[in-house]
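>>> sequence? don't have it. structure:
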């Protein structure tokens, strides 16, 4: 597993990591609470020789001393010595139980022997350790007693360091348990996250989508809660995260396709409910804002919804243009100044055959010559073959994939279906992406605040401060030239609205009726005064011209 994959798993499944961490902490707390307390006290003994002055030391005295130290080490931890301690202190346990609680160690190349005793009572641990030292001295003296009772024993044992209170707490160890619980909990959480990620076949990242399709991700459209109440196509706000996302998609698409004279672009998806129609409409508006003449063609003859979303009649439309000899421009509906729509018309019984006809190829050729960009919305690739039929007749395909919902096998099947018909995949769009983080939202909010804090001459800014107007010139200013009035944008409700899971819900007042701003088609600014930011800037320019 690559480090990047580990980071992606941790970022996506952080809840499992947090759950594992909390589980480890809880287990550590329970172990600390239920483990009985144990204290340890140790005593250190020294075994020394006291040779007879009248006897000369032999050459092997050191080896004999080492052998005796090894023997006395076994003696200090033996059941015999434990029984003597139990008898002296009247302990309610067996010699085997006490011997198991005694740990004997020796220091290399020395005559020191240490015995550590653990007990639930700190005072009891100190008494047992000192009693072991007393019994050890008696046993060594008894073993080393020579045949002559008046002679001095060659080896004696003494207390080098007695056991003194307080005894050390050896169990439980909260810090050690906590550290172990944290590590074990994180490992368990990451293992669960890795297993779940391995079993989860949904598309979850840009890198994963690029590897599957073999094409770049041209845009990532975030999940915006306000999209239903204020969709971009209605209000045209230019400083929201949604507008910024479609602006990035527009720029990347222009570089990848439009600048290379790939004008007819099919927007396809593997299955339904991935935001395909919403992407087509918002992308068309974003392209139209740059001055490009854009046409949106609703070729989804199964469940058409472009007309209802753009507010134009859905009949007559594409089917009528294919059935009659009239020009396709007869059935085109204007939506904005440089944005047109060709609705689907009445749904035919054989959509695939209609879209695969020579008449459809000729229609696309004529539309390609008449418009700068032609965006085509078609049915999903996997259930039907409509989109695959159109893929071979357009300049490129833009694949829409929903983040965290579309499965990898579906994307692979859609890719293979496009490759079979020699469809050119220009790139992909990842929709319904989670929030990009507080830093990006903060930057967008700050940018919007700065842009709106600018106020024209003589108009108060957002914070209430107004800029002083320049001195009035002595000569009377020339009368301002009024700007030519633009014809109102047509906005007619669809006589036959259809529902589509890909389309965003129209904003309403709660009773199903559109809001007042939607009836007349006038965009509403974020200030709530019914005037868009563009009109405010145009008014400022007119005032500046009048002042000059």
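Received it, and whenever you're ready, just let me know what you need. Not measured: the values here are computed from a predicted model.

>>> I'd like the domain boundaries of the protein, if you could list them.
Per automatic domain parsing, the domain ranges recorded for the chain read 3-34+173-194, 38-171, 203-441.

>>> Kindly compare burial across these and name the winner.
The highest average neighbour count among these, using mean count of other Cβ atoms under 10 Å, belongs to domain 203-441 at a mean of 20. Just so you know, the C-beta spots here come from the backbone N, C-alpha and C atoms, and that holds for glycine as well.

>>> Could you give the average pLDDT over that one?
Over the span of domain 203-441, the pLDDT mean works out to 87.

>>> In this protein, what residue spans correspond to strands?
Assigned strands in the chain, in chain order: 38-49, 102-106, 112-119, 155-161, 168-171, 217-222, 264-269, 294-298, 333-334, 339-342, 373-377, 396-402, 425-433 (criterion: DSSP state E).

>>> Minimum distance to residue 182: which of those has it?
Closest approach to residue 182 among these is made by strand 168-171 (19.3 Å; Cβ to Cβ).

>>> for that closest one, the distance to its chain's centre please.
Offset of strand 168-171 from its chain centre (Cα atoms, centre = their mean, to the nearest Å): 43 Å.

>>> and what of stretch 373-391?
Averaging C-alpha positions (Cα atoms, centre = their mean) puts stretch 373-391 32 Å from its chain's average.

>>> One more: stretch 265-282?
Its chain's average C-alpha position is 24 Å from that of stretch 265-282, according to Cα atoms, centre = their mean.

>>> again, but for stretch 380-396
Mean-position distance between stretch 380-396 and its chain equals 33 Å (Cα atoms, centre = their mean).

>>> Could you tell me the end-to-end distance of it?
Stretch 380-396 has its terminal residues 16 Å apart, counting by Cα to Cα, to the nearest Å.

>>> now swap in stretch 200-211 and tell me
One end of stretch 200-211 to the other measures 17 Å (Cα to Cα).

>>> Need the contact partners of it.
If you take Cβ atoms under 8 Å, 6 or more residues apart in numbering as the criterion, stretch 200-211 is touched by 4, 8, 12, 212, 216-217, 220, 401-409, 411, 428, 430.

>>> Stretch 349-362 now?
Residues contacting stretch 349-362 (Cβ under 8 Å, 6+ apart): 299, 301-302, 319, 322, 348, 378-379, 384-386, 389-390, 393.

>>> One more pass at 10 Å, please.
Residues outside stretch 349-362 that contact it (Cβ atoms under 10 Å, 6 or more residues apart in numbering): 299-302, 318-319, 321-323, 325, 328, 344, 347-348, 363-364, 376, 378-379, 384-390, 392-393.

>>> For residue 407, list the residues it contacts.
Residues near residue 407 by Cβ under 10 Å, 6+ apart: 200, 201, 202, 203, 270, 271, 401, 413.

>>> What's opposite it in the beta bridge?
Applying DSSP bridges to residue 407 gives these bridge partners: residue 202.

>>> pretty sure residue 13 contacts residue 198?
No - contact criterion Cβ atoms under 10 Å: residue 13 and residue 198 do not qualify, at 11.1 Å.

>>> Rounded mean pLDDT for the top helix by length along the chain, please.
In the chain, assigned by DSSP state H, the helix with the most residues is helix 174-199. Averaged across helix 174-199, pLDDT comes to 93.

>>> still on that earlier bit, so for residue 286, which of the strands of the chain sits nearest?
Closest among the strands of the chain, once you apply Cβ to Cβ, is strand 294-298, at 9.1 Å.

>>> Now distance to residue 133 too, for the strands of the chain, in a markdown table please.
Listed next are the strands of the chain as a markdown table, based on distance: least, Cβ to Cβ, whole Å:
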| stretch | distance to residue 133 |
| --- | --- |
| strand 38-49 | 5 |
| strand 102-106 | 12 |
| strand 112-119 | 7 |
| strand 155-161 | 5 |
| strand 168-171 | 17 |
| strand 217-222 | 75 |
| strand 264-269 | 84 |
| strand 294-298 | 96 |
| strand 333-334 | 104 |
| strand 339-342 | 98 |
| strand 373-377 | 92 |
| strand 396-402 | 77 |
| strand 425-433 | 73 |
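
>>> and of those, who's closest to residue 186?
For the strands of the chain, distance to residue 186 was read as Cβ to Cβ. The smallest value, 24.3 Å, belongs to strand 168-171.

>>> Can you give the strand pairings for that closest one, parallel or anti for each?
Sheet pairing of strand 168-171 (DSSP bridges) gives strand 38-49 (antiparallel).

>>> The partner strand vs strand 155-161, what angle?
Angle of strand 38-49 versus strand 155-161, following axes from the mean of the first three to the mean of the last three Cα atoms, to 10 degrees, is 140 degrees.

>>> Show the average pLDDT along strand 38-49.
Mean predicted confidence for strand 38-49 is 92.

>>> Can you name the residues that contact the closest residue to residue 141 other than its chain neighbours?
Sequence neighbours aside, residue 153 is the residue nearest to residue 141 in space, at 6.2 Å (criterion: Cβ to Cβ, 6 or more residues apart in numbering). If you count contacts by Cβ under 10 Å, 6+ apart, residue 153 has them with 49, 50, 140, 141, 142, 143, 144, 145, 146.

>>> Give me the distance between the third one and residue 107.
Residue 140 sits 17 Å away from residue 107 when distances are taken as Cβ to Cβ, to the nearest Å.

>>> Ok, the fourth one next?
For residue 141, the distance to residue 107 equals 22 Å [Cβ to Cβ].

>>> got the contacts of residue 407 as TSV, with distance to residue 126 columns?
Shown next, in TSV, are the contacts of residue 407 (distance: Cβ to Cβ, whole Å):
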residue	distance to residue 126
200	59
201	64
202	64
203	67
270	76
271	75
401	72
413	76
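
>>> Just give me the closest of those residues to residue 244.
Distance to residue 244, by Cβ to Cβ, is smallest for residue 401 among the contacts of residue 407, at 19.8 Å.

>>> Which strand residues bridge that closest one?
Beta-bridge partners of residue 401, as defined by DSSP bridges: residue 430.

>>> Is it correct that it is in contact with residue 212?
Yes - the pair residue 401 / residue 212 is scored as a contact, 8.8 Å apart, by Cβ under 10 Å.

>>> Next, show the common contact partners of the two.
Residues touching both residue 401 and residue 212 comprise 203, 408, 411, 414, 428, with contact defined as Cβ under 10 Å, 6+ apart.
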